[in-house]
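1. Let me see the structure of the following:
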Amino acid sequence: MKKLLIGAIFLASVLYAEKADVIEAKVKKSYGGSYIAYVKIRHHDSSDLSDFMSEWEILDQNGTVITRRLEVRPKPGKEIIDTDLIGFKIPKGTTKLIFRAKCSKDGFGGKEFVIDFSDQENNSSNKEY
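-> Predicted structure coming up:
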């Protein structure tokens, strides 16, 4: 009976765990060959440091981290968190950017957002992706 109860509690915690989901991302070319990322993340931050969106990062198509942004404090009362990162470089040959966010309590594992520009000229356009 104890094993069943422990299993039920674990399953409930997994089902109700809230990961940080990246729901939108845009990248715009900036000065000197660098880029700006505008990102929207869904997470219900608590008012203390026990459960908040703690960082987000951009990976390439191979899973290599290109850049990351740390968030040092929660934003209680906000479900959608708007954030940006200025001045990062996209390595040549990159065909996809994968955005993912981390919750201080639940880690990575929420919804990722992918920008695929394999059909477009990389690092040479002023277009917004």
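2. In contact with Leu49, which residues?
-> Contacts were defined as CB atoms under 8 Å, 6 or more residues apart in numbering; by that measure Leu49 touches Arg73, Pro74, Ser104. Bear in mind the C-beta positions are built from the backbone N, C-alpha and C, glycine included.
3. Break down this structure into its helices, ranges please.
-> Secondary structure of the chain (DSSP state H): helices at 2-16.
4. Just the buried ones from the contacts of Leu49, in PyMOL syntax?
-> Selecting only the buried entries of the contacts of Leu49 in PyMOL, with 16 or more other CB atoms under 10 Å as the criterion:
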select buried, resi 74+104
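5. Redo the contacts of Leu49 as CSV? Include distance to Lys96 and pLDDT.
-> As requested, those are arranged in CSV below (distance: CB to CB, whole Å; pLDDT from 0 to 100):
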residue, distance to Lys96, pLDDT
Arg73, 31, 84
Pro74, 30, 87
Ser104, 27, 92
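6. Kindly present the contacts of Leu49 as JSON lines, with separate columns for distance to Tyr35.
-> Supplementary listing: the contacts of Leu49 in JSON lines, determined by distance: CB to CB, whole Å:
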{"residue": "Arg73", "distance to Tyr35": "25"}
{"residue": "Pro74", "distance to Tyr35": "27"}
{"residue": "Ser104", "distance to Tyr35": "27"}
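7. Among the contacts of Leu49, which one sits closest to Asp60?
-> When the contacts of Leu49 are compared for distance to Asp60, the smallest value, 25.1 Å, is given by Ser104; criterion: CB to CB.
8. residues contacting the closest one?
-> Contacts of Ser104 were listed using CB under 8 Å, 6+ apart, and they are Leu49, Ser50, Asp51, Phe52, Met53, Ser54.
9. which intervals of this protein have sub-threshold pLDDT?
-> For the chain, applying pLDDT under 70 flags the ranges 1-17, 119-129.
10. which one among the contacts of Ser104 gets closest to Ala37?
-> Met53 (15.1 Å).
11. hang on, the earlier thing: so which of the contacts of Leu49 belong to strands?
-> Within the contacts of Leu49, no residue falls in strands by DSSP state E.
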